[in-house]
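Q: Mind looking at a prediction? Sequence and model below.
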Amino acid sequence: GQNIDQPTEMTATEGAIVQINCTYQTSGFNGLFWYQQHAGEAPTFLSYNVLDGLEEKGRFSSFLSRSKGYSYLLLKELQMKDSASYLCASGGYSSASKIIFGSGTRLSIRP
Amino acid sequence: GAVVSQHPSRVICKSGTSVKIECRSLDFQATTMFWYRQFPKQSLMLMATSNEGSKATYEQGVEKDKFLINHASLTLSTLTVTSAHPEDSSFYICSARGEGRVTEAFFGQGTRLTVV
């Protein structure tokens, strides 16, 4: 089975940094995705980690520790438009591998 | 990035009728398509996985006779909600992965289904 946990809600201040954590317990783990989803819209891809360590992509970085079953998404220089849900998901790298999502974290940015 | 088009974006239907939702990959061949359902303020729940030319694989608890999935070509998958009831009202989203695009899944815009 698969179990993916994230905090339900977080609040942060514009210009600040926020870290969204994700813990997972999955069978046959292959990789960890992060998606952003604005209300009423489809998710958009942010990152995919299959190896341990930190991957940086502009204002967003994602970290993975496979031994600990732990990942986080780090958002820097927060902007109001970053208010959205952030979804952690596990899935393999092959096209046939399904992607299972966690419950998502609703991030609110205040001025 | 790749484009996945989902149609319609919104549909209202009467209880007891059937509704078909289309998902098309516009600029790549989607060997696998996934259908998700999302309730308000909740995450995406995987309903089924479909591969071109074969029967869909449904997740536990999803009624395959109610949610008919067809993946007739490498660019088109359809989800038909049969004999819809108000409890089927939800946001349905498709996503597609293709050979050569080995990481991310691309999502359609979603379909807001309301059954009255």
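A: Cool, got the structure. Numbering: from 1, shown residues only, chains lettered A, B, ... in the order given.

Q: Contact distance from chain A - what residues of chain B qualify?
A: Contact residues, chain B versus chain A (C-beta under 8 Å from any C-beta of the partner chain): B:1, B:6, B:31-32, B:34, B:36, B:41-46, B:49, B:51, B:91, B:93, B:95, B:97-99, B:101-110, B:112. In short, each C-beta sits where N, CA and C put it, glycine included.

Q: When you filter the residues you listed down to buried only, what's left?
A: Neighbour counting by 16 or more other C-beta atoms under 10 Å in any protein chain shown classes B:6, B:31-32, B:34, B:36, B:43-46, B:49, B:51, B:91, B:93, B:95, B:97-98, B:101, B:103-110, B:112 among the residues of chain B next to chain A as buried.

Q: Select from those residues every entry located in strands.
A: Those of these mapping onto strands are B:6, B:32, B:34, B:36, B:44-46, B:49, B:51, B:91, B:93, B:95, B:97-98, B:101, B:103-107, B:112, per DSSP state E.

Q: Residue B:17 versus residue B:80, what's the distance?
A: Computed as C-beta to C-beta, to the nearest Å, the residue B:80 to residue B:17 distance reads 11 Å.

Q: What segments of chain A are strands?
A: With DSSP E as the criterion, chain A has strands spanning A:2-5, A:9-13, A:18-26, A:32-37, A:44-49, A:53-57, A:60-65, A:70-75, A:84-91, A:99-101, A:105-110.

Q: Is chain B within reach of the first one?
A: Just to be clear, that refers to strand A:2-5. No. Strand A:2-5 does not reach chain B (C-beta under 8 Å from any C-beta); its nearest approach is 8.8 Å.

Q: Could I get the average pLDDT for that strand?
A: In this model, strand A:2-5 has an average pLDDT of 86.

Q: strands paired with it, and their directions?
A: Here strand A:2-5 is paired, per DSSP bridges, with strand A:18-26 (antiparallel).

Q: Same check on the last one?
A: Looking at strand A:105-110 with DSSP bridges, its paired strands and their directions are strand A:9-13 (parallel), strand A:84-91 (antiparallel).

Q: The longest one relative to strand B:44-51, how many degrees between them?
A: What that stands for is strand A:84-91. Per axes from the mean of the first three to the mean of the last three C-alpha atoms, to 10 degrees, the angle that strand A:84-91 makes with strand B:44-51 is 40 degrees.

Q: Show me which positions of strand A:84-91 end up buried.
A: A:84-91.

Q: For residue 29, which non-adjacent residue is closest in space?
A: Picking chain A for this. residue A:90 (6.1 Å; C-beta to C-beta, 6 or more residues apart in numbering or on different chains).

Q: actually it's chain B I care about, not the one you picked
A: Here the residue nearest residue B:29, using C-beta to C-beta, 6+ apart, is residue B:74, at 4.0 Å.

Q: Return the residues in contact with the one you found.
A: B:25, B:29-31, B:52, B:98 (C-beta atoms under 8 Å, 6 or more residues apart in numbering or on different chains).

Q: May I see those organised as JSON lines, with pLDDT and distance to residue A:30 added?
A: What follows is the contacts of residue B:74, written out as JSON lines (pLDDT from 0 to 100; distance: C-beta to C-beta, whole Å):
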{"residue": "B:25", "pLDDT": "90", "distance to residue A:30": "22"}
{"residue": "B:29", "pLDDT": "83", "distance to residue A:30": "22"}
{"residue": "B:30", "pLDDT": "83", "distance to residue A:30": "19"}
{"residue": "B:31", "pLDDT": "83", "distance to residue A:30": "17"}
{"residue": "B:52", "pLDDT": "81", "distance to residue A:30": "22"}
{"residue": "B:98", "pLDDT": "79", "distance to residue A:30": "17"}
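
Q: Alright, that wraps it up for me.
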